[in-house]
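# sharing a model that was predicted from the sequence below.
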Amino acid sequence: MSIRRVGVLLSKEFLYGSKSYIFIFAVVGPIVISIVLSLIFGTWLSEKPRLGVMDEGSSQLVSMIQEKNSVESIEYGTVSEMKKAVESGSIDAGIVLPSGFDSSIIRGEMTEIKAYIWGESLAKSRTIIGVTISSLARELAGQETPIEIETTTLGDEVSMPWSDRLLPFIVLMAVFLGGLLLPATSLANEKEKKTLGALTVTPTSIGDVFLAKGMLGFILSLFMGVLILALNQAFGAEPILLTVLLALGAIMATELGVMLGAYVKDFATIFTIWKSAGIILFAPAIIYLFPQIPGWIGRIFPTYYVTQPIVEISQLGGSWADIATNTFVLIAIDIVLIIILLFILRRKQYEITGGN
Amino acid sequence: MNWRIVGTLVSKDLSLFFRKRAITVLTFVGLIFYLVIYFVMPSSVDENLKIGLYSPFSLPASIQLNEEGLDITAVDSEASLKEGVIDGQYIVGISLPDDVIEKLNSGQKPKISLYFTPDVPQEIKDAVEVLISELAYMQTGQTLALDVSEEILGPDMLGTQIPPRDRLRPLLAVFIIMMELLGLANLISEEVERRTAHALLVTPTTVTELFVAKSIAGIGLAFVQAVLIMVIIGGMNTQPFVVLVTLLLGAALATGVSFLIAARAKDFMSVMSWSFPVLIILIIPSFTVMFPGVITGWVKIIPSYYLVDTIHRAANYGSGWADVWLNLLILLGFTLVITWAGIFVLRRKFQ
């Protein structure tokens, strides 16, 4: 193996590989997915009931609802606009405040408000909206709360909102898109065009080619992992440790990518494998999304040992002691994969270079 | 039209597709994993706020908590209340003091303790506080001169909400169908680029027979997989014929789109680069089912909306032909136009 030749091959990979569709996809994909998923799960999957308000006068209740944390309020200009929003499920309910609402409530006169309820709105959302309106109307009428409430938080578990639960998925996507797909498709491309065989009649060895392609995947994978953590403000207090963990994850992704490239002859097969077996890679992240699924199931999958330490450090404020065991398992997986890869390379060298 | 030739071409395409054992196995593995995703999703909707209540005395009828959306369990001690909250049995634990009634009746403010776990969202904490205050107002006889007249828009699903896993049905169907357009587009573009299509056309095979064969192969592959999945996940339990026809039209739509992509693409990479933006656009309407209200009316310009909406209505609400005929008509229209456009551009490429 020649370091100089690997360097030359790597620079060529950067020069030509960076123009490939997969390279662009591996860079743009995780960023777009990160933004879209954060929007979907961070904003739209909130448990807060959504209440629409159409004020025919100038009621103070509108601003009081906006300040209330128990509901999310949206103001509408017309009843039809609000009804359309209720029908589509954009809001759980919409109320029409008649002109002179505040003065009627303050005077204690019977006041009627019209409420439109979305048929698929949950019972608890309807209750919360109902009591919130009543409570605010009482406040407006000058009634004093007859009780004192003391809130106590039990246990020491840390709250995990949807946007945080998605982090492992986004990180895995960033690390494995580049680390796995780039070397695999690049090798398949060389095999399809028979350029791999041509390369190996020069002093370049098959090991040099695989190492160069693997390094490109590793660099892109690590870069994307760091970028995604930075974009999600998840570097926490241990940026160096997190970078090391990402590097170990990138090594795993690259090893799997090179292995795939060694076995597979065309893009179609790589794509089919990504489409179906890719779910194995993302299984720990999917399990993490749903706390109802027993956590031990995640441990079956190798990528658990990438995601768990990253989550522990970036979201739960853990330290080396909390992740040491899983990190050693990750290192062991990386070493086993390298041994398998070397074995595959030795056995399949002739096949890989284009022989039959 | 020579149906023997068409049959031969179809079997050739299918054998090419299934020749790679890895692809065949992985296609089935993929289907199994989609099923796993479906079955690990929650199968019910938790509509109620689960509340634990500790009261050292029996509550008078006036403050029985019978609001809809509340699932209240009385516990016999404060310790078991806290234990229930920590174990996740209740989202909130309410502990009433001994003197709550006396203090309320004498105009004093009793202190009511609420117990939450740290993962309860702030909005739920606030909502429970508002709820308790409202009950206290009622207990102290403070009336509110407010009458709320309610009108439910759409079918009232209270108590019969669609579980998250069933909301996945249209997404799974559209995903499986649309993913097959990649395979078919690749198959056709390979034929064009390797000029095997031209070779076929010097035999008695006509361009029409070639297209019919490709369409049957494409529709068949997508349709069979989608039907299989829908049967397993219970998508055929209500209105099976409506669902079948919709899936068939969806498979035909995907085939038409794959013709268009194949006419533009040169190899698998360009098939991918053309297919992914198209796939993303076609999958967008599924979000209207998974996250109602997220996407506004513009989504109706996407042909797959009519596939998603029909599957959702038929499989999840039991809508019949009378409810979805317009959707099916529009889907058929889109399918015909797209397939015609695909055949038109591909035919020009063949010639």
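Looks like it arrived, so ask away. Not measured: the values here are computed from a predicted model.

# now stretch B:89-108: buried residues?
B:90-96, B:100-101, B:103-104 (16 or more other Cβ atoms under 10 Å in any protein chain shown). Where you see a C-beta, it was placed from the backbone N, CA and C, and this is true even at glycine.

# for the residues you listed, which one is nearest A:Arg50?
Distance to A:Arg50, by Cβ to Cβ, is smallest for B:Ile91 among these, at 19.4 Å.

# so what's that closest one up against?
B:Ile91 makes contact with B:49-51, B:116, B:120, B:124, B:128 under the criterion Cβ atoms under 8 Å, 6 or more residues apart in numbering or on different chains.

# still on that earlier bit, what's the farthest-apart pair in the buried residues of stretch B:89-108?
B:Ile91 and B:Lys103 (26.2 Å).

# closest one to chain A out of the buried residues of stretch B:89-108, please.
B:Leu104 (6.0 Å; Cβ to the nearest Cβ).

# give the other helices and strands that the stretch of helix or strand that closest one belongs to contacts.
For B:Leu104, the host element (DSSP states H and E) is helix B:100-105. With contacts taken as 3 or more Cβ pairs under 8 Å, 6 or more residues apart in numbering or on different chains; DSSP states H and E, helix B:100-105 sits against helix B:122-139.

# now the element after the helix it packs on, going C-ward?
strand B:146-153.

# quickly run through the sheet partners of that following strand, with directions.
Sheet pairing for strand B:146-153, assigned by DSSP bridges, gives strand A:111-118 (parallel).

# what does the partner strand contact?
A:52, A:82-83, A:86-87, A:89, A:91-98, A:101, A:104-105, A:126, A:133, B:145-154.

# average pLDDT across it?
In this model, strand A:111-118 carries a mean pLDDT of 90.

# pLDDT weak spots in the stretch 251-351 of chain B?
Where the stretch 251-351 of chain B drops to pLDDT under 70, the residues are B:293-296, B:350-351.

# domain parsing for chain B?
Split into domains by automatic domain parsing, chain B comes to B:3-42+B:161-350, B:49-139.

# could you check how far the first one is from the centre of its chain?
For domain B:3-42+B:161-350, the separation from the chain centroid amounts to 16 Å (computed by Cα atoms, centre = their mean, to the nearest Å).

# pLDDT score for the residue of the stretch 201-350 of chain A found nearest chain B?
Distances between the stretch 201-350 of chain A and chain B by Cβ to the nearest Cβ are smallest at A:Ser276, namely 3.0 Å. Here the pLDDT value assigned to A:Ser276 is 72.

# so where does the residue nearest to A:Tyr288 when sequence neighbours are not counted fall, helix or strand?
Distances taken as Cβ to Cβ, 6 or more residues apart in numbering or on different chains place A:Pro168 nearest to A:Tyr288, at 5.1 Å, with adjacent residues excluded. Secondary structure assignment for A:Pro168, by DSSP H and E: helix A:167-176.

# for that helix, name the packing helices and strands.
Under the contact criterion of 3+ Cβ pairs under 8 Å, 6+ apart, helix A:167-176 touches helix A:21-39, helix A:206-231, helix A:239-263, helix A:278-289, helix A:304-314.

# can you pull the buried residues of the first one?
Going back to what we said before, that points to helix A:21-39. Of the residues in helix A:21-39, A:21-23, A:25-27, A:29-30, A:33-34, A:37-38 count as buried by neighbour count, 16+ other Cβ under 10 Å.
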